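In: Everything below, folded, please.
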Amino acid sequence: MIIVVLGSLCSCWPTRVGFVDDSMPEEWKDFYVTPLELNAATAPANYNATLTESIRTGVQNNTRLKMLTETNDSAVQISGTVNSYNTTPQAVTDGDNAQKNRLTVSVSFVIITPTKGLEKMQMTSTRFADYDASQQLSDVESQLLELINQQIVQDVINKLRSNW
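Out: Numbers count the residues shown, from 1 in each chain. A predicted model of the protein is given here:
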């Protein structure tokens, strides 16, 4: 009897567990990311290029979509603008001294897809990372941007996988 119960339990166990981007329409085969615009005066001059490349790599590595080098025939077209790039004090203590600073980046995106005709969706991703106020931003900026970029890329991927 124990063997029968164990056998029936094993047959009910899923053979594969994981998140699959099945919610993306089947007609979406590929994507193109237009180089992002940079409208944030305080951002590094190459930040838009770095974030563009992070989005391209992230979407290609974490979805079934294939990256195209031209927008002409892509099923999903992603464009955007870096709108703000700011540092603000956080965790103010006695004497109005900040123990932490926060780097915040905000990017607006337009995603165009052929779903139900030509669908255009807009989204904004605002992400931040904190750092010790005793450090100069220039000393920790690359590490902070790596964290922020990962979060922004995940926001774009989540939007692509969501049911609009």
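In: which helix in the chain runs the most residues?
Out: Longest helix in the chain, counting residues (DSSP state H): helix 137-161.
In: Residue 137: neighbouring residues, count only.
Out: 12 (other CB atoms under 10 Å). For the C-beta atoms, the positions are set from N, CA and C on the backbone; glycine is no exception.
In: what's the spacing between it and residue 85?
Out: 11 Å (CB to CB, to the nearest Å).
In: who touches the longest helix of the chain?
Out: Defining contact as CB atoms under 8 Å, 6 or more residues apart in numbering, one finds that helix 137-161 is touched by 21, 23-24, 44, 47, 50-51, 54-55, 57-59, 62-63, 65, 76, 78, 87, 101, 103, 105, 107, 109, 111, 121, 123, 125, 127-129, 131.
In: Repeat the analysis, applying 7 Å as the threshold.
Out: In this structure, residues lying in contact with helix 137-161 by CB atoms under 7 Å, 6 or more residues apart in numbering are 21, 23-24, 51, 54-55, 58-59, 62-63, 76, 78, 87, 103, 105, 107, 109, 111, 123, 125, 127-129, 131.
In: Can you give me the buried ones in that helix?
Out: 141, 144-145, 148-149, 152-153, 155-157, 160 (16 or more other CB atoms under 10 Å).
In: Then stretch 53-71?
Out: For stretch 53-71, burial by neighbour count (16+ other CB under 10 Å) applies to 54-56, 58-59, 62-63, 65, 68.
In: Give me the subset of these lying in helices.
Out: Here DSSP H is the test, and those give 54-56, 58-59, 62 as lying in helices.
In: What's the first helix or strand after the helix or strand harbouring residue 102?
Out: Using DSSP states H and E, residue 102 maps to strand 97-113. Later in the chain than strand 97-113, the nearest helix or strand by DSSP H and E is strand 119-132.
In: And that next one, what does it pack against?
Out: Strand 119-132 makes packing contacts with strand 97-113, helix 137-161 when contacts are defined by 3 or more CB pairs under 7 Å, 6 or more residues apart in numbering; DSSP states H and E.
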